[in-house]
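Visitor: Need coordinates for the following:
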Amino acid sequence: MAKKETAGCCEKFKTMIGGQALIEGIMMRGPEKDAIVVRGKDGLTVEVKDRKLNPPKSWKSKPFIRGVFTFFDSQVVGVKALMRSADLSTEDVEEEPSKFEKWLSSKVSGETFQKIIVGGAVALGMGLAIVLFFLLPMVIGGFFDRWIENNFVINLIEGLIRMGIFLLYMLLISRMEEMKRVFSYHGAEHKTIRCYEAGLPLTVENVRKQTRLHPRCGTSFLLVVMVISILVFSVASSALLALIPALEAMRGTFLYRLLMIAFKLLLLPLVVSITYEINRWAGRNDNKFTKILTAPGMWLQNFTTNEPDDSMIEVGIAAVQAVLPEKEGADAW
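Guide: Numbers count the residues shown, from 1 in each chain. Below you'll find the predicted structure:
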């Protein structure tokens, strides 16, 4: 097993191409195109669209700003791709729309209806993530403020609770039968990109030899978010207490906890921005420090990726080939 997980790790270059596992498929995002490849009953379906990119000089592309826009964009595109893969993989199944869907579709156009559905799905998914991985740990950790006055220790406790909930969540969903195939497609995505970065022809045999772990995975991003949140919340909350000394007298009260929770939730875009820049830098550099930095995320991928079969690898190959740029090397990280 150890040999398998280190095979094919000698990359010749780093690509910005990345993807997401779908229902019986994979989405890949290249520098110019997005592709959805799904295996249905009649074989592979490949859908390719041009990407809408922000101009390099746009304020949305500036450091510590681009991270937030990139994160939200990836959530919207990911939800759309997931919904599309569900349609493509079950074309023979016709579900009766709910009364709410019928009512909504009668009131708005098809495009607006799609935007409402996608927006609702993104909001619901992000809302649940914030409640489960941030709000709940903050509430639990806040009960310690009556005994502990050190802000770093309080935030460290919150961080450990957050990490525990996150790891338990990953462990539980990795055991769900429905998710095992999704995680196998996740493994196929990583292995195909590894093969491409190694400069090898994209064949099933070459892809199969690669490791399913990749340092620039979104799973690693989420784990770094957990760590960065401890540091940002500690520094920011200490600064807030220094600026508003009256808050110290409220420590241990319900209002104090509520104010601190609201303050930390407002800091989440900053946490995402800092994490994005760290991951971007780590992805472009190979040294001992970056290997240590990415090691926890690589370990976590043992739960979020499975070994794919050859049919899944074929999907990964088709997805990468669909987004390769016309000019060689234009996808360099």
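Visitor: which other helices and strands contact the helix ranked longest in the chain?
Guide: Among the segments of the chain that qualify as a helix by DSSP state H, the longest is helix 218-243. Secondary-structure packing of helix 218-243 (3 or more CB pairs under 8 Å, 6 or more residues apart in numbering; DSSP states H and E): helix 151-174, helix 246-249, helix 254-266, helix 268-284, helix 288-304. Using the backbone N, CA and C atoms, a C-beta is placed for each residue, glycine as well.
Visitor: ok now it, how far from the chain's centre?
Guide: The chain centroid and the centroid of helix 218-243 are separated by 18 Å under CA atoms, centre = their mean, to the nearest Å.
Visitor: Same check on stretch 162-178?
Guide: Mean-position distance between stretch 162-178 and its chain equals 15 Å (CA atoms, centre = their mean).
Visitor: Please apply the same query to stretch 177-195.
Guide: A distance of 14 Å separates the centroid of the chain from that of stretch 177-195, by CA atoms, centre = their mean.
Visitor: from now on call the first residue 14
Guide: Renumbered: residue one is now 14, and that last one reads stretch 190-208.
Visitor: what comes up buried for the longest helix of the chain?
Guide: The neighbour-count check on helix 231-256 (16 or more other CB atoms under 10 Å) flags 231-243, 245-247, 249-250, 254 as buried.
Visitor: check which helix or strand covers Glu60.
Guide: strand 56-63 (DSSP states H and E).
Visitor: And that strand, what does it pack against?
Guide: Going by 3+ CB pairs under 8 Å, 6+ apart, strand 56-63 lies up against strand 46-53, helix 323-336.
Visitor: in its sheet, what does the shortest one sit against?
Guide: It refers to strand 46-53. The strands beside strand 46-53 in its sheet (DSSP bridges) come out as strand 38-42 (antiparallel), strand 56-63 (antiparallel).
Visitor: buried sites along the helix or strand encompassing Pro150?
Guide: Pro150 belongs to helix 149-155 when assigned by DSSP H and E. Buried residues in helix 149-155, counting neighbours by 16+ other CB under 10 Å, are found at 150-151, 154-155.
Visitor: Using TSV, lay out those together with distance to Val195 and pLDDT.
Guide: Formatted as TSV, the buried residues of helix 149-155 follow (distance: CB to CB, whole Å; pLDDT from 0 to 100):
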residue	distance to Val195	pLDDT
Pro150	26	92
Met151	30	89
Gly154	32	88
Gly155	35	83
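Visitor: just so I have it, where are all the helices in the stretch 64-213 of the chain?
Guide: Here the stretch 64-213 of the chain has its helices, by DSSP state H, counting those that start in this stretch, at 79-102, 112-120, 123-143, 149-155, 164-187, 190-210.
Visitor: Going by mean pLDDT, which of those comes out lowest?
Guide: Ranked by mean pLDDT, these bottom out at helix 112-120, with a mean of 59.
Visitor: right, and the helices and strands packed on strand 56-63 - which one's nearest Met176?
Guide: Of all the helices and strands packed on strand 56-63, it is helix 323-336 that lies closest to Met176, at 30.2 Å by CB to CB.
Visitor: now the angle from the closest one to strand 46-53?
Guide: If you take axes from the mean of the first three to the mean of the last three CA atoms, to 10 degrees, helix 323-336 sits at 160 degrees to strand 46-53.
Visitor: export the strands paired with strand 46-53 to a markdown table and tack on mean neighbour count and mean pLDDT?
Guide: Output for the strands paired with strand 46-53, formatted as a markdown table (neighbours: other CB atoms under 10 Å; pLDDT from 0 to 100):
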| stretch | mean neighbour count | mean pLDDT |
| --- | --- | --- |
| strand 38-42 | 27 | 96 |
| strand 56-63 | 13 | 94 |
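Visitor: right, so of those, which gets closest to Met263?
Guide: Nearest to Met263 among the strands paired with strand 46-53 is strand 38-42 (46.4 Å), distances taken as CB to CB.
Visitor: Show me how far that closest one is from its chain's centre.
Guide: Between the centre of strand 38-42 and the centre of its chain there are 13 Å (CA atoms, centre = their mean).
Visitor: Next: stretch 26-37.
Guide: Stretch 26-37 sits 11 Å away from the centroid of its parent chain (CA atoms, centre = their mean).
Visitor: where's stretch 273-286 relative to the chain centroid, distance-wise?
Guide: Distance, stretch centre to chain centre, for stretch 273-286: 18 Å (CA atoms, centre = their mean).
Visitor: Pull out the buried residues from it.
Guide: 273-274, 277, 280-281, 283-286.
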